[in-house]
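Trainee: okay, sequence plus prediction incoming.
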Amino acid sequence: MILQENGARFCTEGKVFTIGGIICANDESEYAGLCGTVMEIRSGDDCETENDTPDIYCAFDPPTSEDIVLELEGRFSALYGEPKTMDDITLDSVIMAPEMLESSAEPPAEGVDLSRKMEAVADIFAKVLQMPDSALRALRAFPCAPADEEAASWEVVTEVCSLGGCDMSVYSFPDERSAQIFAVLLKRTGCRLRYDAACPSCYAEYQRGILKESEDM
């Protein structure tokens, strides 16, 4: 899967990454201390790396602190075994793994109050968690598919573009059952696949079409 449209969301490892959203590199990366923007997200067979996790393409802002410059040059010099300066360090289209980044997007909600409907919610959760794989698949609650041919991870789409059908919100899971359970839980709690909004790219193309029609009249 390839996400490129501004506003498209991808949830993995408890983090939400948004195309066009702000991210910062953490201590798991040589780019630690830099912040930037998510430009593209690739998963499954569309990844360019051989990592088991999605490829997140970032454009980092140049460092403004001399201390950070020195730290970056030191880390990259040690990494490559020769002196490196900022001119040698790529800041655009840098492929990062999710564990290397902290996102400014809100994490998945953890504090939703369902206490007033506890028995109903507990019944739904218990029934879904006890369902066999065949029953989960049969419900076809949300688009659910392996991210690659090896099915190393599975993805559930919860929102698509109303104009072009582009994926706008995607959740990643380590196995099929986890993904199917997530999809069925959403359905059983009243959620439905969203297609009430257009992605910026499709909407802009739609507007251009309307403008062209008006000019041709």
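Mentor: Thanks, I have it.
Trainee: could you use CA atoms for every contact and neighbour count after this?
Mentor: OK.
Trainee: stretch 139-147: end-to-end distance?
Mentor: Start-to-end span of stretch 139-147 (C-alpha to C-alpha, to the nearest Å) is 20 Å.
Trainee: buried ones in it?
Mentor: Using 16 or more other C-alpha atoms under 10 Å as the test for burial, stretch 139-147 gives 141, 142, 144, 145, 146, 147.
Trainee: please name the residues that touch the fifth one.
Mentor: Neighbouring residues of residue 146 by C-alpha atoms under 8 Å, 6 or more residues apart in numbering: 44, 152, 153, 154, 155, 176.
Trainee: neighbours of the last one, how many?
Mentor: For residue 176, the tally of surrounding residues (other C-alpha atoms under 10 Å) stands at 21.
Trainee: just give the nearest non-adjacent residue to it, would you?
Mentor: Excluding the flanking residues, the one nearest residue 176 by C-alpha to C-alpha, 6 or more residues apart in numbering is residue 154, at 5.7 Å.
Trainee: ok, now which ones touch the one you found?
Mentor: 144, 145, 146, 147, 172, 173, 174, 175, 176, 179.
Trainee: which parts of the lowest-mean-pLDDT helix or strand in the chain are buried?
Mentor: Lowest by mean pLDDT, DSSP states H and E among the helices and strands of the chain is helix 200-216, with a mean of 79. Counting neighbours by 16+ other C-alpha under 10 Å, one finds that the buried residues in helix 200-216 are 201, 202, 203.
Trainee: can you pull out the strands in this protein?
Mentor: 2-3, 9-12, 15-18, 22-25, 35-42, 55-60, 94-96, 101-103, 144-146, 154-160, 167-173 (DSSP state E).
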